[in-house]
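kindly generate the corresponding structure for this input.
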Amino acid sequence: MNKITAYLASSLLAVSIFTACKQERKLPFYGERHAETVRDAAGVEKIDTVYQTIPDWSFLNQDSVVTTSKATDGKVYIADFFFTSCTTICPTMHRNLATVFSEFKLNPDVMFVSHTIDFKYDKPSVLKKYAQKLGVDGSKWLFLYGSKDSVYTLAEKNYLVAVGEDSTAKDGYIHQGYLVLIDKDRHIRGAYDGTKEEQVEQLKKDIPVLLAEYNK
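Numbering: from 1, shown residues only. Have a look, this model is predicted:
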């Protein structure tokens with residue numbers, strides 16, 4: 001084998017390894033998990049890992065229409081918790097999330113779901129005005145209103161995001177600014193600080209990786 005042939009062979013091998021590694025990259029699963037005995041298509045028992053999932057939910061959207069978790073069936077979606085009168089992290093968080101929305105708004109497999117934690121003020125009509133200020137129209141990005149118990153339990157128990165009322169806080173509420181990436185099977189596959197541009201950019205890179213899992 002001459003030097004040119006050897007070089008080409010090594011280059012092709014390097015490209016193959018790089019391509020394989022790139023194709024095999026998968027996002028981790030977050031939350032609780034447990035082992036469960038299941039049967040495959042052939043009826044053979046095996047041990048499988050069952051991951052935490054987001055449960056069914058039902059809220060009013062920004063158009064005052066009852067919207068359930070079925071709206072996200074078959075979708076990869078990004079969820080977050082906010083309130084419209086927030087003057088601390090929410091403006092930055094949603095300004096950054098809007099750039100993600102712009103990049104994926106034409107992709108039918110991607111959705112956005114924002115839950116308000118202000119059950120006193122953020123009625124659907126308020127959420128509608130907020131969405132319009134962000135330049136959002138339609139059902140691609142849902143802004144959802146629900147009772148305190150239902151929203152707070154969903155946030156802390158299922159999405160693993162801390163939220164709460166706090167009379168000592170500047171705006172009366174506290175919450176984490178995570179953008180939570182959910183797969184088509186309702187598993188948590190990523191959490192990104194929505195106030196940090198570098199993490200939002202990572203979210204943009206991870207969404208196609210997650211979508212690719214369903215294209216095999």
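
C-alpha only now, for contacts and for neighbours.
Fine.

where does the nearest residue to Gly146 once chain neighbours are set aside sit: helix, strand or coil?
Among residues not flanking Gly146 along the chain, Phe59 sits closest, at 5.3 Å (Cα to Cα, 6 or more residues apart in numbering). For Phe59, the secondary structure call by DSSP: H, G, I helix; E, B strand; the rest coil comes out as strand.

what's around Phe59, how many residues?
Phe59: 19 surrounding residues under other Cα atoms under 10 Å.

just checking, next helix/strand downstream of the least confident helix or strand in the chain by mean pLDDT?
In the chain, the helix or strand scored least confidently by mean pLDDT, DSSP states H and E is helix 3-24, which has a mean of 44. For helix 3-24, the following helix or strand on the C-terminal side (DSSP states H and E) is strand 33-39.

which residues of the chain fall in strands?
Applying DSSP state E to the chain gives strands spanning 33-39, 45-51, 58-60, 66-68, 76-82, 110-116, 141-144, 163-165, 173-175, 178-182, 188-193.

and the fifth one, which strands flank it?
When you say that, I think you mean strand 76-82. Strand 76-82 has its sheet partners listed here by DSSP bridges as strand 110-116 (parallel), strand 178-182 (antiparallel).

got the contact list for the first one?
In other words, strand 110-116. 72, 75-84, 101, 104-105, 122, 140-146, 151 (Cα atoms under 8 Å, 6 or more residues apart in numbering).

now the shortest one
By Cα under 8 Å, 6+ apart, the list of residues contacting strand 178-182 from outside reads 76-81, 159, 161, 188-194, 203, 207.

only the buried subset of those, as a PyMOL command please.
Of the contacts of strand 178-182, the buried ones go into a single PyMOL selection, burial set by 16 or more other Cα atoms under 10 Å:
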select buried, resi 76+77+78+79+80+81+159+161+188+189+190+191+192+193+194+203+207
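
confidence score at the closest residue in space to Val163 that isn't next to it in sequence?
Take Val163 and drop its neighbours on the chain: the residue closest to it by Cα to Cα, 6+ apart is His175, 4.1 Å away. At His175, the pLDDT value in this model is 96.

what is the neighbour count of His175?
19.

for Phe59, see how far away it is.
19 Å (Cα to Cα, to the nearest Å).

and Val136, by the same measure?
19 Å.

for Phe101, same thing?
21 Å.

check Thr49 too.
30 Å.

got it, and Tyr178?
20 Å.

and what of Thr99?
25 Å.

then Ala42?
Taking Cα to Cα, one finds Ala42 at 40 Å from Phe59.

what of Ser85?
Ser85 is 20 Å from Phe59, by Cα to Cα.
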